[in-house]
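Engineer: Everything below, folded, please.
(chains A and B)
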Amino acid sequence: MEMPIPDADVLARKGRVVSRLQAVLPDGAVIHDQSETRAYECDALTAYKCPPMVAVLPSSTQEVSDVLRICHEEGVPVVPRGSGTSLAGGALPTADCVILGVARMNEVLDTDYENRTIRVQTGRTNLSVTGAVEENGFFYAPDPSSQLACAIAGNIAMNSGGAHCLKYGVTTNNLMGVTMVMMDGEIVEIGGAYMDSAGLDLLGLICGSEGQLGVVTEATLRILPKPEGARPVLMGFDDNEVAGACVSDIIKAGVLPVAIEFMDRPCIEATEAFAKAGYPMCEALLIVEVEGSDAEIDHQLSLIMEIARRHNPVELRESKSAEESAAIWLGRKSAFGAMGQINDYMCLDGTIPVSSLPFVLRRIGEMSEEFGLKVGNVFHAGDGNMHPLILFDANKPGDLELCEAFGAEILKLCVEAGGCLTGEHGVGIEKRDLMSYQYAPDDLEAQMAVKDVFDPQWLLNPAKVFPLSASETRRAVAMAAE
Amino acid sequence: MTPDTEAALAEAIKSASGPLAIEGGGTRGLQPRGERLSVAGLTGISLYEPGALTIVAQAGTPVTAINQALAAENQRLAFEPMDHRKLLNTSGEPTIGGIVAANVSGPRRIQGGAARDYALGVRFVDGTGAIVKNGGRVMKNVTGYDLVKLMSGAHGTLGVLTEVSLKVLPRPETQATLMIRGLDDAQAVRAMAAAMGSPFEITGAAHCANIMEGGPVTVLRVEGFEASVSYRIDRLKDLLADFDAEMTVGDAKMSDWLWQSVRDVELWADVPEDIWRISCKPTDAPALMRRSGAVAWYFDWGGGRIWMRMTQGADLRAALGVFDGHATLVRAAAATRAALPVFHPEAPGVARLSEGLRARFDPRGILNAGLMGPVAREVA
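Structural biologist: The predicted structure is shown next:
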């Protein structure tokens, strides 16, 4: 993966930058020793590593502002970091950057059940937002698989999703307001505990901008009352295409499940060997979950099962209790771990129109043969967000590169099928150079124009999202302007 | 001008020598200055996949055509866009592009989200004539910046929409509305908060203090399968029993009529006052109300949206002072229009960003110039 050449001028001024940062931050909040900066050398895309020049851990919005103002004055690139769980390399440092971690800012600032909002500092983890309100019967809806560890800051940067988006939407649909620090240190308030923006929807623009427009330090989030209950039904089919048609028929029938999860045969086999969830051995397995009171759940599940029966399932298992629900979810929840037992894997994240599911799965199967690498597919079928897991051997020379080439081909296939490169993980560095497959030069130009407005010098997370060749001129101008 | 292709629209913008007034169906009466540029020539549904809950249409496609196509598959636009024609005494056909450009949403906003939450992709022509696409037609998409949100609610000031893709939802089997009599504003907001904080999925929560005959009425809508609707209505009655108020239930037909009139502010079609719309924190609504000096008002969104009738020319924003939210001037006498901006002035930091975006997307300042804030630079 190509990264820009570190700025020698910046590296030469490391001592001055460190002492200026130390002057505005408490003891221990500025990490500059090479043995310690290594802790920040990568995120969850561990194939790529680069220790930053400095890492800072501010404790307040004002401290974030001080850090950014200094970095702005010194012309130092800044890479914001939540919990470092990005699978796309969103928090990958460059050797000349300051990593700005928000991990120390994890307080709940306000919970307001009447208005159904919570205000948090963005270093707080996703699951602990729900943790703060669940005793009162509420939850925070977006639920990325990394929710135990991932921070709200990263969720906002990547517009994170999860398994329950079909009903509850993704981060952008649950974010009401932010406090954001601009690269020059200015603190701005956008949105709040009210709906819709007064003018341009800057909040919608910031969400998903991968830490390139500003550093979000506080967020007002929508919380929702917990449903009375939820129960899944598991169904197995002998054909991917039939499973896809079943998903489409369920949706068309007017039932809106809270989740529809799909696993293919390689994934079912791996999962069974690992978790022994008692899944049927078949080509495609669906887990469909609905919510409501017991009677409402029974009614919806009966409609769903009636549709499923029309597609001749090899297995149809309705959960009648919490234990049975847990058993149905067990395999799905251990799918990634199960694949990891077999080998190293790379998790992709393309989205396709639900209607192209059979075609795309068939093509992935063919490509798997061509590349000689196994693939398991597990994904959110209701919204078309696929997570092909490509197995490879990190110790075998050339295997990572082969795997990446295969991954790129799968993502291009998603775009050709009418979908996109990434449904919830973000572009980061991983898909940066594929952006021109989805977007024409004018499309990318419009996006980069937004960054010009928020961060004219291209100092915030500059080497991400856009192909390096597309952003080169802008980054060069910024460097020359120092 | 009414170009009938995206390319012709791009050419019209490129060769424009002065300000352009961008128009969809012309039903919102915004009347920005400049030569009229209508998207009504760009029509047609290019793709509709009911099983994927997505529809793609040209920006000038009439909303009625969209609604018809969706109804045939028992689906709908879940954000319940308002039809402005009665309130504003305008004619014309609301277009899907206009709905997205203005981020128009109705009572179901509290549960289902706004137009911007359903917008999956856009194509637009910016102020230089460049054709840009963003997003796509899939529900989960974080590929690059979300210009779809930016364009939803930009009222054409950053670019003219030519195509939109939207997420649609199944139309529920039935609906019903619980009507509660006699609550004052503060009690009503508490009752609506209790209902919306329950698991019973309220899709409409409104309160009229002084409009309907028979005193104040608070209304709560539930939608879904027949048995589920009656179950939830019963549970809501239990939940709100402490308010000790008279409660009745409106059936599907009544409920449908009622929420359409809440959505379209129909009752105020013929009154002389200026009409304002406030977005606020729901529990702030009663206090804001008292400060406003309004002639009449009602709460939608559980109090999060207030519709107000103000004496002509009265500056509502000045009366309210600083609050968590914003006020939009929806209908006004000419004199009010001349004195007060349509949109709530933004805080300086935010205003600078908005101006910066306008300057980049519309460097000549020709698209609905001045509608959402100062023009970046004067047209040469």
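Engineer: so A:Met479 makes contact with A:Asp7?
Structural biologist: Yes - using Cβ atoms under 8 Å, A:Met479 is in contact with A:Asp7, at 5.9 Å. Glycine gets a C-beta too; all of them are placed from N, C-alpha and C.
Engineer: which SSE is A:Val450 in?
Structural biologist: Element membership for A:Val450, per DSSP states H and E: helix A:441-454.
Engineer: who's in contact with residue 151?
Structural biologist: I went with chain A, as the question did not name one. Counting by Cβ atoms under 8 Å, 6 or more residues apart in numbering or on different chains, A:Ala151 makes contact with A:82-83, A:85, A:102-103, A:106, A:122-126.
Engineer: meant chain B actually
Structural biologist: Here B:Met151 is in contact with B:100-101, B:119, B:122, B:124, B:134, B:158-159, B:161 (Cβ under 8 Å, 6+ apart).
Engineer: what's around whichever residue of chain B sits closest to chain A, how many residues?
Structural biologist: Residue of chain B nearest chain A, by Cβ to the nearest Cβ: B:Lys149 (2.5 Å). B:Lys149 has 29 neighbouring residues, counting by other Cβ atoms under 10 Å in any protein chain shown.
Engineer: Tell me if I'm right that it and A:Gly204 touch.
Structural biologist: Yes - look at B:Lys149 against A:Gly204 with Cβ under 8 Å: they come within range, at 2.5 Å.
Engineer: who touches both of the two?
Structural biologist: In contact with both B:Lys149 and A:Gly204: A:172, B:116, using Cβ under 8 Å, 6+ apart.
Engineer: Tell me if I'm right that B:Asn141 and A:Gly350 touch.
Structural biologist: No - with contact defined as Cβ under 8 Å, B:Asn141 does not reach A:Gly350; the gap is 9.8 Å.
Engineer: which residues are common contacts for these two?
Structural biologist: Common neighbours of B:Asn141 and A:Gly350 (Cβ under 8 Å, 6+ apart) are A:419-420, A:422-423.
Engineer: ok, these vs chain B, which is closest?
Structural biologist: Closest approach between those and chain B, by Cβ to the nearest Cβ: A:Gly423, at 3.6 Å.
Engineer: Give me the phi and psi for the residue sitting nearest the centre point of chain B.
Structural biologist: Nearest to the mean C-alpha position of chain B, by Cα atoms, centre = their mean, lies B:Val104 at 2.2 Å. Per-residue torsions, B:Val104: phi -80, psi 120 (degrees, to the nearest 10).
Engineer: OK, contacts around the residue nearest to it when sequence neighbours are not counted?
Structural biologist: The shortest distance from B:Val104 to any non-neighbouring residue, by Cβ to Cβ, 6 or more residues apart in numbering or on different chains, is to B:Pro81 (4.4 Å). Neighbour list for B:Pro81: B:63, B:94, B:99, B:104-106, B:115 [criterion: Cβ under 8 Å, 6+ apart].
Engineer: By neighbours, which of those residues wins?
Structural biologist: Neighbour count (other Cβ under 10 Å) singles out B:Ile99 as the most crowded of those, with 29 neighbours.
Engineer: Which helix or strand contains it?
Structural biologist: Assigned by DSSP H and E, B:Ile99 belongs to helix B:96-101.
Engineer: Could you see whether chain A lies near whichever helix or strand comes after that helix?
Structural biologist: Per DSSP H and E, helix B:96-101 leads on to helix B:109-112 as the next helix or strand towards the C-terminus. Yes - using Cβ under 8 Å from any Cβ of the partner chain, helix B:109-112 reaches chain A at B:109-110.
Engineer: where are the low-confidence patches of the stretch 201-350 of chain B?
Structural biologist: Applying pLDDT under 70 to the stretch 201-350 of chain B flags residues B:211-212.
Engineer: quick one: the helices in it?
Structural biologist: For the stretch 201-350 of chain B, helices defined by DSSP state H, counting those that start in this stretch occupy the ranges B:226-239, B:252-264, B:285-292, B:316-320, B:334-339, B:348-361.
Engineer: B:Arg108 is in contact with B:Trp301, correct?
Structural biologist: No - the criterion here is Cβ under 8 Å, and B:Trp301 misses it with B:Arg108 at 9.6 Å.
Engineer: mind putting the contacts of B:Pro81 in TSV, pLDDT included?
Structural biologist: Conversion of these to TSV gives the following (pLDDT from 0 to 100):
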residue	pLDDT
B:Val63	97
B:Pro94	95
B:Ile99	97
B:Val104	96
B:Ser105	96
B:Gly106	97
B:Ala115	98
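Engineer: re earlier: how near is the residue nearest to the centre of chain B to A:Gly75?
Structural biologist: Here B:Val104 is placed at a distance of 44 Å from A:Gly75 (Cβ to Cβ, to the nearest Å).
Engineer: How about residues contacting stretch A:306-317?
Structural biologist: Around stretch A:306-317, the neighbours that count as contacts under Cβ under 8 Å, 6+ apart are A:233-238, A:242-243, A:245-246, A:249-250, A:253, A:280, A:282, A:286, A:305, A:324, A:328.
Engineer: what residues are up against B:Ala59?
Structural biologist: B:Ala59 makes contact with B:24, B:39, B:42, B:95-98, B:100, B:160-164, according to Cβ under 8 Å, 6+ apart.
Engineer: Can I get these in TSV including pLDDT, neighbour count and distance to chain A?
Structural biologist: Formatted as TSV, the contacts of B:Ala59 follow (pLDDT from 0 to 100; neighbours: other Cβ atoms under 10 Å in any protein chain shown; distance: Cβ to the nearest Cβ, whole Å):
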residue	pLDDT	neighbour count	distance to chain A
B:Gly24	88	29	18
B:Val39	95	30	19
B:Leu42	97	26	19
B:Thr95	97	31	20
B:Ile96	98	30	18
B:Gly97	97	31	16
B:Gly98	96	30	16
B:Val100	98	26	11
B:Val160	98	32	13
B:Leu161	98	30	13
B:Thr162	98	24	13
B:Glu163	98	22	13
B:Val164	98	30	15
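Engineer: which one of the contacts of A:Ala151 has the most neighbours?
Structural biologist: Result: A:Gly82 is most packed of these (other Cβ under 10 Å), 29 neighbours.
Engineer: residue in the stretch 201-350 of chain A nearest to chain B?
Structural biologist: Counting by Cβ to the nearest Cβ, the stretch 201-350 of chain A gets nearest chain B through A:Gly204, at 2.5 Å.
Engineer: tell me the secondary structure for that residue?
Structural biologist: With DSSP: H, G, I helix; E, B strand; the rest coil as the basis, the three-state label of A:Gly204 is helix.
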